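> Pasting the sequence and the predicted coordinates here, then a few questions.
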Amino acid sequence: MIEITNLTKTYNRSVHALNGVTLTIGTGMFGLLGPNGAGKTTLMRILAGLLRPTSGSATIFGNDVATLRGRMGVKALLGYLPQELGLYPNLNTLEFLDYMAILKGVNDARQRRTQIDRLIQQVHLDDAAQRPLKTYSGGMKRRVGIAQALLGDPRLLIVDEPTSGLDPEERIRFRNLLVDMAQDRAIILSTHIVEDISQSCNDLAVMRGGRVIYRGAPADLIERARGHVWIVKGQRPGDELVLVSSLQLHDGVHYRAVGDASRYPGAVAAEPSLEDGYVWLMQDKRAGEREAARQ
């Protein structure tokens, strides 16, 4: 479905936002995980036809995003929810979605209304559809965003940092909504929040510094951290460990850490999580880079 080969994006000839990214993405939920500045948003904008790559190729359902014809073809198949979606605060949901549907080429008024009514029910905004968007919570605005992205029944849905700033209940509701919609389309979820990936995706890539440093199942990334995750009691870990969390209990502070705990006699091995796998991967890559720099 989506073939990305040696994709690069360079700004001002020196800033490498993407550096040789190669990925194949099929139907279902695909997670794109990485820190801020890893290149995730640049990749999403290239796939959406908003940026042109410096080199390499990306084809979406046979449409080459490097060509004008290909970008037009992609836009006809694409739903996109950017990190910051501009809403018209004085419009209500019905009015906003009607306007967006016209922009997407849904010209038949009856067809627009049928599609809009269905999407409003799908994102659970029936009771608030007549209220101005300026009265909506952050989570409600995100649901309006996903509704506009689904106008035209796209085969590919791209969502960039969709749960950032949402409260826990809204994050859960939004994740479940995306999973429900992934039955018959490809959805790319780009985020730096590990929990969003662990609760919704069975395939992911991790990006760092414009490169893909891991591609596979979340379970395999978790397994990489096995034997490297520890609970250290009382003594705060030093620099040889990466502190993941700390918890004050009746017998003192329990530190969850990733790395080499050999100098901590009371350290107990812990069952790894996806967050631990992610932290271990990042630590391992940094250690490799330091070693390469010394040589």
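Thanks, I have it.
> What are the boundaries of the strands in the stretch 51-200 of the chain?
55-60, 63-64, 78-81, 156-160, 186-191 (DSSP state E, counting those that start in this stretch).
> same for the last one, what does it pack against?
The reference is to strand 186-191. With contacts taken as 3 or more C-beta pairs under 8 Å, 6 or more residues apart in numbering; DSSP states H and E, strand 186-191 sits against strand 28-33, helix 40-47, strand 156-160, helix 168-181, helix 194-198. C-beta here means a position set from N, CA and C on the backbone, and glycine is covered the same way.
> hmm, who's touching that strand?
1-2, 25-33, 40-41, 43-44, 47, 155-164, 178, 181, 196-197, 200-201 (C-beta atoms under 8 Å, 6 or more residues apart in numbering).
> Mind checking the pLDDT average for it?
Averaged over strand 186-191, pLDDT sits at 91.
> Quickly run through the sheet partners of it, with directions.
Sheet pairing of strand 186-191 (DSSP bridges) gives strand 28-33 (parallel), strand 156-160 (parallel).
> Can you check what angle separates that strand from helix 40-47?
150 degrees (axes from the mean of the first three to the mean of the last three C-alpha atoms, to 10 degrees).
> Do me a favour and get the end-to-end distance for stretch 37-56?
20 Å (C-alpha to C-alpha, to the nearest Å).
> buried sites along that stretch?
Neighbour-count burial for stretch 37-56 flags 38-49, 51, 53-54, 56 (criterion: 16 or more other C-beta atoms under 10 Å).
> just curious, which of those is nearest to Leu94?
Ala48 (25.5 Å; C-beta to C-beta).
> Torsion angles phi and psi at that closest one?
Backbone torsions for Ala48, taken as degrees, to the nearest 10, come to phi -80, psi 0.
> Thr24 pairs with what?
Bridge pairing for Thr24 - DSSP bridges - gives Glu3.
> In this structure it contacts Phe30, no?
No. Counting by C-beta atoms under 8 Å, Thr24 stays clear of Phe30, with 10.0 Å between them.
> neighbour-wise, which of the two wins?
Between Thr24 and Phe30, Phe30 has the larger neighbour count (other C-beta atoms under 10 Å), namely 23 against 11.
> now the farthest one out in this protein, which residue is it?
Most distant residue from the mean C-alpha position of the chain: Pro265, 38.8 Å away (C-alpha atoms, centre = their mean).
> Which of the three states applies to it?
coil (DSSP: H, G, I helix; E, B strand; the rest coil).
> for the chain, what's the longest helix?
The residue-count maximum for a helix in the chain (DSSP state H) belongs to helix 274-294.
> What residues sit buried inside that one?
Leu274, Glu275, Asp276, Gly277, Tyr278, Val279, Trp280, Leu281, Met282, Gln283, Asp284, Lys285.
> Just put these in JSON lines and tack on distance to Arg112.
Formatted as JSON lines, the buried residues of helix 274-294 follow (distance: C-beta to C-beta, whole Å):
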{"residue": "Leu274", "distance to Arg112": "41"}
{"residue": "Glu275", "distance to Arg112": "43"}
{"residue": "Asp276", "distance to Arg112": "47"}
{"residue": "Gly277", "distance to Arg112": "45"}
{"residue": "Tyr278", "distance to Arg112": "42"}
{"residue": "Val279", "distance to Arg112": "47"}
{"residue": "Trp280", "distance to Arg112": "49"}
{"residue": "Leu281", "distance to Arg112": "45"}
{"residue": "Met282", "distance to Arg112": "46"}
{"residue": "Gln283", "distance to Arg112": "51"}
{"residue": "Asp284", "distance to Arg112": "51"}
{"residue": "Lys285", "distance to Arg112": "48"}
